[in-house]
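Asker: could you work out the structure for the sequence below:
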Amino acid sequence: AEPVRPVQGHVMPDATALDRQIVSASVTNAALELLPESLASMAILPLQVRLVYQIGKAYGYELDQGHIKEFVATLGVGLTGQYLEQFGRKLLGGLLGTVLGGAGRGVGHQTASSGLAFATTWAIGQLAKQYYGGGRTLDAAKLKAAFAPLLEQGQGLIGKYGAEIAERARTIDVRNLPALIKTAY
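Answerer: All right, here's what the predicted structure looks like:
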C-alpha cells in the first residue's frame, strides 16, 4: 500500500499503531470464523465497521454509523461478501469433504471463511487508512478499484498470522460476543 500523506488540517496518526490495530482486527475476525458457533460469524461485519470508525477517528474525523456502513457497502462487503464467502466455503468444504470425508468438510468451511475474514478485514483497514488519510477524496469507483489488490495482499498475509489466529480462536468466549461487538459510537 502507498504511504498515506496527511491532508492539510487533518491529524496524522501513528501508521505503525494503525497497522497493528488492523492486523489485530483481522486476526480476531479470522479467529471468529474458526469457532463452531455460527453466531461468531455475525460479529465480523460489526467489527469491520468499528475498525473503519476507529481509523477515521484517528485521522480526526467524527463519523456516524451510516457513513461507515456506506463506506463498507461501497466495497461490496457485507451481505454480498457474506454470500460469496458462503459459496467459497461450500466449494472448498465440498472439495476437502470429497477427499477427507465429513471431517474435511468442516475444516474446509472454517479454513476458507477464516482466511477470507482475515483478508477482507485487512483490506478494509488499509483502504480506510488511504481514504481518511487522503481527506476522504476517493470516490466509489476508486475505492472499489483499490480494494481488490488490497484483498489479494491480505490473502498473502494469512499464513504469517496463522498461529496467532488459532491462539485467538482458543481464547474467544462466544458468550462475550456482545461486549466484543460493542461499538464506540
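Asker: show me the contacts for the nearest residue to L63 once chain neighbours are set aside.
Answerer: Once flanking residues are discounted, L63 sits nearest to G56: 4.6 Å by C-beta to C-beta, 6 or more residues apart in numbering. C-beta here means a position set from N, CA and C on the backbone, and glycine is covered the same way. By C-beta atoms under 8 Å, 6 or more residues apart in numbering, G56 lies in contact with 63, 68, 128, 132.
Asker: least trustworthy helix or strand in this structure by mean pLDDT?
Answerer: In the chain, no helix or strand scores lower on mean pLDDT, DSSP states H and E than helix 79-100, which sits at a mean of 42.
Asker: coming back round to it: list the buried ones in the helix or strand that contains the residue nearest to L63?
Answerer: Assigned by DSSP states H and E, G56 belongs to helix 44-58. Neighbour-count burial for helix 44-58 flags 44-45, 47-58 (criterion: 16 or more other C-beta atoms under 10 Å).
Asker: just the CA trace of that helix, in PDB.
Answerer: Provided in PDB are the C-alpha atoms of helix 44-58 (Å, rounded to 0.1, in the frame of the first residue of the first chain):
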ATOM      1  CA  ILE A  44     -17.400  -9.900  11.800                       C
ATOM      2  CA  LEU A  45     -19.200  -7.100   9.900                       C
ATOM      3  CA  PRO A  46     -19.800  -5.000  13.100                       C
ATOM      4  CA  LEU A  47     -16.100  -5.400  14.000                       C
ATOM      5  CA  GLN A  48     -15.100  -4.300  10.400                       C
ATOM      6  CA  VAL A  49     -17.400  -1.300  10.800                       C
ATOM      7  CA  ARG A  50     -15.800  -0.500  14.200                       C
ATOM      8  CA  LEU A  51     -12.300  -0.700  12.600                       C
ATOM      9  CA  VAL A  52     -13.300   1.800   9.900                       C
ATOM     10  CA  TYR A  53     -14.700   4.100  12.600                       C
ATOM     11  CA  GLN A  54     -11.600   3.900  14.700                       C
ATOM     12  CA  ILE A  55      -9.300   4.600  11.700                       C
ATOM     13  CA  GLY A  56     -11.500   7.600  10.700                       C
ATOM     14  CA  LYS A  57     -11.400   8.900  14.200                       C
ATOM     15  CA  ALA A  58      -7.600   8.500  14.300                       C
END
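Asker: next structured bit after it?
Answerer: Counting by DSSP H and E, the next helix or strand C-terminal to helix 44-58 is helix 65-74.
Asker: and that following helix, what other elements does it pack with?
Answerer: Judged by 3 or more C-beta pairs under 8 Å, 6 or more residues apart in numbering; DSSP states H and E, the packing partners of helix 65-74 are helix 44-58, helix 102-133, helix 140-157.
Asker: so can I have TSV of the ones you listed showing mean pLDDT and distance to P13?
Answerer: Below are the helices and strands packed on helix 65-74 laid out as TSV (pLDDT from 0 to 100; distance: least, C-beta to C-beta, whole Å):
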stretch	mean pLDDT	distance to P13
helix 44-58	88	4
helix 102-133	75	8
helix 140-157	89	19
